[in-house]
Structure formats: structure tokens, C-alpha cells
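[1] model this:
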Amino acid sequence: MSPMSDVASPDLAPHTPELLTCDILYTGMGGAQSPGGVVVSGGIVAATGHPDTLRGNFPHARERRAGSIIAPPPVNAHTHLDMSAYDFQALPYFRWIPEVAVGQREKRGLAGALAGAETLGGLGAGAVGDIVGSHGQDMLAPLLARTDLSGVVYFEVLSPFPERADEVFSAARQVMDAHRKLERPGGPRLGLSPHTPFTVSSRLMRLLTDYAAGEGIPLQIHVAEHPSEVELFRTGGGPIWDSMTRFPYPATFAEVIGRAPEADLTPVRYLDELGVLTARPTLVHMVNVTPDDIARTARAGCAVVSCPRSNTHLECGVFPWAGFAAAGVEIALGTDSVASGGSLDVRDDVAFARTLYPHLDPRLIVRAAVKGGSRVTGTPLPFIRRGETWQESFIWP
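    Prediction:
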């Protein structure tokens, strides 16, 4: 057998099989395997499997180590492209909001969104779940028109005032109806994002989710990101309430959610009892949850998106991956914003998650970034299997 080489031999004959080995192989089907290998001949996948088996079946193949992971391109299932021009800062959640999210707001807009889309294209992202802020209707058409982008562009809606729910919903529906006409086969779909359970009144939340369910529109909601969100639903007060009331806001939190806070009320339980989970929204973050929250998410068939770097940088806590996985919940990965995550490359979150969860099988993390993200965004997944065209992008740097 020829000795292993770190790079392909330049004098390799065009149809001489090459065996590429890696620590983790995920073909897009079933579970990932470790170690793994792919035999490529003439630009076509000839076989996949354990390196020892492939060595026996292809004794004349030239072998090289491709790297740590071979898999289809990962999906960035949750991000905010319109914040791509922001400077990254790791700060506690309640400092990050005023100092970064608000403090750099002049950098937020269409230029940043388009630059972020270009970055994703250069990274070869499998797809994206992007949140367009309620101020950014001008971003929807340019993003939906991109031929190098697939996934979902979610239009964000927020209003905590129940008396304005019908008015805000009517305006949001007009935006949605106008821009859904711009969807193209293979391009991004238009989705809806009721911002959070505490910035959207209960009536508006129901109007938005019922509309989305009836029209088959994808949904994403930020839920249980920081521990103070749990405190808010339990007590009706705390740091989030104090920060919200700096702006125009209802007099009590009970007005927002249409019920009194309770000691055992959580954001997830609130959404479930409101009937929102029946629309099967994708729930983003889900860091500060209870076992009952996980069970409710699983029963409703909702997927979740974890943003490991962002949650760590903002001191939100650690997403309970093992609990969700044990309940059979589909998990995907996202970068959140450049300002909180650090980059738009979800492979950076895969690498970070492997250090954050040292006892979790890393194959689950890779699968989440690929298959989980594909399911969340409703995009087709390329397979690495016999007869398929080999793509160098399958080798993760």
C-alpha cells in the first residue's frame, strides 16, 4: 500500500481511486461514524465506510488524511445577517444589549445583510435561517432574490401591547403576502419570527402562529435564552422587566402574556398552553429550560436551534443537549449574530460545542449541524454515497 500523504499526489492518475480518511464521517444518511473514509474515483464517490474495510476493498487506492470531518456543508440554522457589520464583543447579556445591540445600531441594515450573505456563500453554507428585524422590510426582497442562498428568511415581528395586536398583525401580513410572491424554487423561503414570548403580546403571538400554521409558513421564536426570562414568567419582574420598561411597555407583564405569572410558569409552558407549539415553531436558544419544557417540546414535535458560542459569550448558560437528544428532539446549530457569536461559520460552533460537551458523542454534533439544520430550514441535503459527485466542500477545514 502506498504511504499516507497529507495532500493529494500531483501525479495521481485521473481515475486512480483515492481513499480519504477522517475522524468523523457523516454521509447525510443514518448516524455518523468514527473513524470514516470515502473512496473517490474520477470525481465520483465509489464507497464510504470504515477505513479498514475500504482499504481491504480498494487495495490500490492512494490514501490521505482529509481532516477531522467529512460531511455535507453544515447549515447555519439561526443568525442575524443584518448585524454582520457589528464588532464582536463578549459581554454579559444585560450589558451586551445596550452596549452592542443598541450601541452599534447604526451598523445594522441592508449593507450588513448582503455582506453576511456573501460571507455565507463563500463559506459554502448548506442553508441559512436568517432573522430580518422588524425595521428591515427593505432587506427581504434582496435576500429572497439571491441565487446563492437557500433556507428561510424570517421576518421578525414584536409588539407587547395587546390592544395593538390586530393592527400589528395586519401590517405584518401585508408584508408577508407581498414578499411571498418573490419566493423562487430552490431559493430562500419567507418565514415569520414572533420575537420572544415576552416582547410579543399573547394575542399577537396567537394571530401570527395561527396564520403561519394555516399558510405553511416556517416559524422561529427566541425562547429561554437567559435565566432572567424564566424569572420574568415566574415573578413578573426582574432584570428583563427592568430593561424593557425603559421603553414604552405595558404597565404589568400580565398584560403582555394575558395571564398572571406563576411560580412554575416557564416560557415554554406558556407557549404550549397558549397553543403556539401546535404550529411547530423552531425554538431558538432553549438554554434555561426544565425537564417538563423538554417533554413539551418533544410532544409538540418542535425542533430547537442551539447557538453555543453566543450563549457562552453572553453568559446565558449551557444548552442541555443530552436532555433534548434523549427526548428525541431535532437539534440544529446556529451562529446567532456576528456580534455575539464571533463569525458566521457554523463549523466554529461545531468545534466549540465539542469542547463544551466533552462527554457528548461528537458525531451527534456534526449530524445536528447538517441534518438538523436541513430539517429546520426545509432544504434538501446532499448525500455522500456511491455514484454521487464528490465535492471538496465535503471536507471541513
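
[2] any idea which helix or strand comes after the lengthiest helix in the chain?
    Assignment by DSSP state H gives helix 165-180 as the longest helix of the chain. Per DSSP states H and E, the first helix or strand lying C-terminal to helix 165-180 is strand 189-194.

[3] Can you tell me the closest non-neighbouring residue to the spatially most central residue of the chain?
    Nearest to the geometric centre of the chain sits Ala77, at 2.3 Å (Cα atoms, centre = their mean). Distances taken as Cβ to Cβ, 6 or more residues apart in numbering put Ala332 closest to Ala77, at 3.9 Å, once the chain neighbours are dropped. For every residue, glycine as well, the C-beta is placed using N, CA and C.

[4] how distant is the strand or helix carrying the one you found from the center of its chain?
    Assessed by DSSP H and E, Ala332 sits inside strand 331-333. Distance, stretch centre to chain centre, for strand 331-333: 6 Å (Cα atoms, centre = their mean, to the nearest Å).

[5] got it, and stretch 137-154?
    Relative to the mean C-alpha coordinate of its chain, stretch 137-154 is positioned 16 Å out (Cα atoms, centre = their mean).

[6] Could you do stretch 109-123 as well?
    With Cα atoms, centre = their mean, you get 16 Å for stretch 109-123.

[7] If you count neighbours, what's buried in it?
    Neighbour-count burial for stretch 109-123, counted by 16 or more other Cβ atoms under 10 Å, picks out Gly109, Leu110, Gly112, Ala113, Leu114, Ala115, Gly116, Ala117, Thr119, Leu120, Leu123.

[8] Return the member of those nearest to Leu208.
    Leu208 lies nearest to Ala113 out of these, by Cβ to Cβ, at 22.1 Å.

[9] Gly28 and Phe383 touch, don't they?
    Yes: the pair Gly28 and Phe383 passes the contact test of Cβ atoms under 8 Å, sitting 4.3 Å apart.

[10] Need the residues touching each of the two.
    Between them, Gly28 and Phe383 share these contacting residues under Cβ atoms under 8 Å, 6 or more residues apart in numbering: Pro72.

[11] Mind checking which of the two has more residues around it?
    Using other Cβ atoms under 10 Å as the criterion, Gly28 and Phe383 rank with Gly28 on top: 19 against 14.

[12] State the distance from that one to Thr379.
    12 Å (Cβ to Cβ, to the nearest Å).

[13] residues of stretch 220-237 that come out buried?
    The neighbour-count check on stretch 220-237 (16+ other Cβ under 10 Å) flags 220-233, 236 as buried.

[14] can you tell me which of those are in helices?
    Pro227, Ser228, Glu229, Val230, Glu231, Leu232, Phe233.

[15] hmm, back to that, and the residue nearest to the centre of the chain, helix, strand or coil?
    Under DSSP: H, G, I helix; E, B strand; the rest coil, Ala77 falls in the strand class.

[16] how about it, what does it touch?
    Contact analysis of Ala77 by Cβ under 8 Å, 6+ apart lists 127-129, 151, 282, 305, 332-334, 346, 372-373, 376-377.

[17] From the residues you listed, pick the one nearest Asp361.
    Of those, the one sitting nearest to Asp361 (Cβ to Cβ) turns out to be Gly372, at 14.3 Å.

[18] what's around the residue nearest to that closest one when sequence neighbours are not counted, how many residues?
    Nearest non-adjacent residue to Gly372, counting by Cβ to Cβ, 6+ apart: Ala332, 3.7 Å away. Ala332 has 28 neighbours, counted by other Cβ under 10 Å.

[19] mind checking how far Ala332 is from His285?
    Counting by Cβ to Cβ, the separation of Ala332 from His285 is 12 Å.

[20] residues shared between the contacts of these two?
    Val305, Ser306.

[21] hang on, the earlier thing: cross-check the contact I'm expecting between the residue nearest to Ala77 and Arg367.
    No: Ala332 is beyond contact range of Arg367, at 10.0 Å (criterion: Cβ under 8 Å).

[22] Can you give me the domain assignment for the chain?
    Here the domain assignment for the chain is 18-72+382-396, 76-377, based on automatic domain parsing.

[23] Could you say which of these is packed most deeply?
    domain 76-377 (a mean of 20; mean count of other Cβ atoms under 10 Å).

[24] Convert the C-alpha atoms of stretch 27-44 to PDB, please.
    C-alpha atoms of stretch 27-44 as PDB (Å, rounded to 0.1, in the frame of the first residue of the first chain):
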ATOM      1  CA  THR A  27     -22.900  10.900   4.700                       C
ATOM      2  CA  GLY A  28     -26.300  12.600   5.300                       C
ATOM      3  CA  MET A  29     -27.900   9.200   6.000                       C
ATOM      4  CA  GLY A  30     -28.400   7.500   9.300                       C
ATOM      5  CA  GLY A  31     -25.800   8.300  12.000                       C
ATOM      6  CA  ALA A  32     -22.300   9.500  11.600                       C
ATOM      7  CA  GLN A  33     -19.400   7.100  12.000                       C
ATOM      8  CA  SER A  34     -15.900   7.300  13.500                       C
ATOM      9  CA  PRO A  35     -13.400   6.800  12.000                       C
ATOM     10  CA  GLY A  36     -14.600   7.100   8.500                       C
ATOM     11  CA  GLY A  37     -13.400   7.100   4.900                       C
ATOM     12  CA  VAL A  38     -14.500   7.900   1.400                       C
ATOM     13  CA  VAL A  39     -13.200   6.400  -1.800                       C
ATOM     14  CA  VAL A  40     -13.200   8.800  -4.700                       C
ATOM     15  CA  SER A  41     -12.600   7.700  -8.300                       C
ATOM     16  CA  GLY A  42     -12.800  10.000 -11.300                       C
ATOM     17  CA  GLY A  43     -14.600  12.700  -9.200                       C
ATOM     18  CA  ILE A  44     -17.300  10.200  -8.200                       C
END
